[in-house]
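> 3D model of this:
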Amino acid sequence: MAWFKRTQKGIQTATEDKKDVPKGLWYKSPTGKIVDADQLEKNFYVSPEDGYHVRIGSKEYFKILFDDNKFKELDKNIESKDPLKFTDTKKYTERLKAAQEKTGLTDAVRTAVGKSKGNELVVACMDFSFIGGSMGSVVGEKIARAANHALINNIPFMIISKSGGARMMEAALSLMQMAKTSVKLAQLADANIPYISLCTDPTTGGTTASFAMLGDINISEPGALIGFAGPRIVKDTTGQDLPKDFQTAEYLKDHGFLDFITPRSELKDRVNLYLDLILNQPVRS
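Numbers count the residues shown, from 1 in each chain. Predicted coordinates:
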C-alpha cells in the first residue's frame, strides 16, 4: 500500500557521524535504575530509586563532611617509592605513575583537617580508584601522621575505608602498616580522643584487619562489602556453608560488628551527633 512506502528519502546520517549519549550524562545502578548524573550528584551519589550508594572518593567525601568544602590537606605530596624493586608484568614505579596520571592523586589516601558542623575534625579518606585503594607504606604513613595531628591538637579523628587490602607490590612493608596505624589509634584512645571508622564499599583485607574495625564507633554505608578474606577462602578455612550476605554491612550490624549503618545523606549529621554526645557539648542542629 502506497502510504506505507517511503516516496522521498529523508535526512540520512552516516554511521560514523552518529553520536552516542555523552558519557556521564546518565548512570545505571546494578539493579537497572537509570538516574541523571546531575541528580545523582545532588543526591550524594545515591540512586534515589533503589538507594544504591555509588562509589565515590575523597573529593566527594570531603565535600560532604567539611563545612562549605573548606579544609586544609595534610601531607599532600608524600609518594610511594619502590624499595623492593617489584616487577611483575609492569614495574611498580610505572604503575604508580600511571595511577597518579589517571586519578590526579599521589596515593590511595588523602588526609585533611577542617570543621564539620562547627566541630574540628581530621579525616583520612581512601580512594579506591588508586590501585584498588590498596594499603602501602604511604597510606600507613599518612594515616599515622593524620592521627598524630589529631593527637597533638586534641581533635576527633575519622577514617573512611575503601580498600582491596594490602598492596602486594610492597609485600611485608605493606603489612607493617597494620601495626603502625593501630598503635597510633591506641594513642588516641589513651588520650580520650574520639575515633570514628566509616566502612564503605569495599572494605577488605588488611584494612579490615586493622584500622577499619578499631573505631570507638564503627559505622558503614548501606550495602557495603566488608570482610577480610573472600567467601571461598573463609568457607575452606571454616569448613562451613556461609550465608549469602554474610559480608554485607547489614549482616555485620545484626551480628555486632557495626554500631549503625547510615545513608550518605545523613552521614554528616550522624557523625556530628556522636561527637556532640561523646564530647558532652550541646547538639548542633
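> host element of E94?
Per DSSP states H and E, E94 falls inside helix 92-103.
> and that helix, how far out from the chain's middle?
19 Å (CA atoms, centre = their mean, to the nearest Å).
> Could you give me the buried positions within it?
Y92, R95, L96, A99, T103 (16 or more other CB atoms under 10 Å). C-betas here are computed from N, CA, C, even on glycine.
> wouldn't the third one be in contact with E79 here?
Read it as L96. Yes: the pair L96 / E79 is scored as a contact, 7.3 Å apart, by CB atoms under 8 Å.
> give me the number of residues near the closest residue to Q100 other than its chain neighbours?
Excluding the flanking residues, the one nearest Q100 by CB to CB, 6 or more residues apart in numbering is T106, at 6.3 Å. Burial measure for T106: 19 neighbouring residues, criterion other CB atoms under 10 Å.
> now do N69
Residues near N69, counting by other CB under 10 Å, number 11.
> isn't it right next to F62, touching?
Yes: using CB under 8 Å, N69 is in contact with F62, at 6.7 Å.
> got the buried residues of helix 92-103 as a markdown table, with distance to C125 and pLDDT columns?
Shown next, in a markdown table, are the buried residues of helix 92-103 (distance: CB to CB, whole Å; pLDDT from 0 to 100):
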| residue | distance to C125 | pLDDT |
| --- | --- | --- |
| Y92 | 23 | 92 |
| R95 | 21 | 93 |
| L96 | 19 | 95 |
| A99 | 16 | 96 |
| T103 | 13 | 96 |
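> Turn those into CSV, including distance to S220.
Listed next are these as CSV, based on distance: CB to CB, whole Å:
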residue, distance to S220
Y92, 31
R95, 29
L96, 30
A99, 26
T103, 24
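> Just flag the most distant two among those residues.
Across the buried residues of helix 92-103, no pair lies farther apart than Y92 and T103, at 16.3 Å, counting by CB to CB.
> show me where the stretch 151-285 of the chain has helices.
For the stretch 151-285 of the chain, the helices defined by DSSP state H, counting those that start in this stretch occupy 171-190, 231-238, 249-254, 267-278.
> Can you lay out these as JSON lines showing distance to I159?
Shown next, in JSON lines, are the helices of the stretch 151-285 of the chain (distance: least, CB to CB, whole Å):
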{"stretch": "helix 171-190", "distance to I159": "8"}
{"stretch": "helix 231-238", "distance to I159": "24"}
{"stretch": "helix 249-254", "distance to I159": "16"}
{"stretch": "helix 267-278", "distance to I159": "12"}
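> Pick out the shakiest of those, pLDDT-wise.
In terms of average pLDDT, helix 231-238 trails the rest of those, at a mean of 85.
> tell me what that helix is packed against?
Judged by 3 or more CB pairs under 8 Å, 6 or more residues apart in numbering; DSSP states H and E, helix 231-238 is in contact with no other helix or strand.
> contact partners of it?
With CB atoms under 8 Å, 6 or more residues apart in numbering as the test, helix 231-238 has contacts from G227, F228, A229, D241, L242, F246, Q247.
> Dump those into CSV; add pLDDT as well.
What follows is the contacts of helix 231-238, written out as CSV (pLDDT from 0 to 100):
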residue, pLDDT
G227, 94
F228, 91
A229, 85
D241, 85
L242, 86
F246, 91
Q247, 94
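> now these as JSON lines including neighbour count and distance to V122?
As requested, the contacts of helix 231-238 are exported to JSON lines (neighbours: other CB atoms under 10 Å; distance: CB to CB, whole Å):
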{"residue": "G227", "neighbour count": "19", "distance to V122": "27"}
{"residue": "F228", "neighbour count": "17", "distance to V122": "26"}
{"residue": "A229", "neighbour count": "16", "distance to V122": "30"}
{"residue": "D241", "neighbour count": "7", "distance to V122": "42"}
{"residue": "L242", "neighbour count": "12", "distance to V122": "37"}
{"residue": "F246", "neighbour count": "13", "distance to V122": "33"}
{"residue": "Q247", "neighbour count": "22", "distance to V122": "29"}
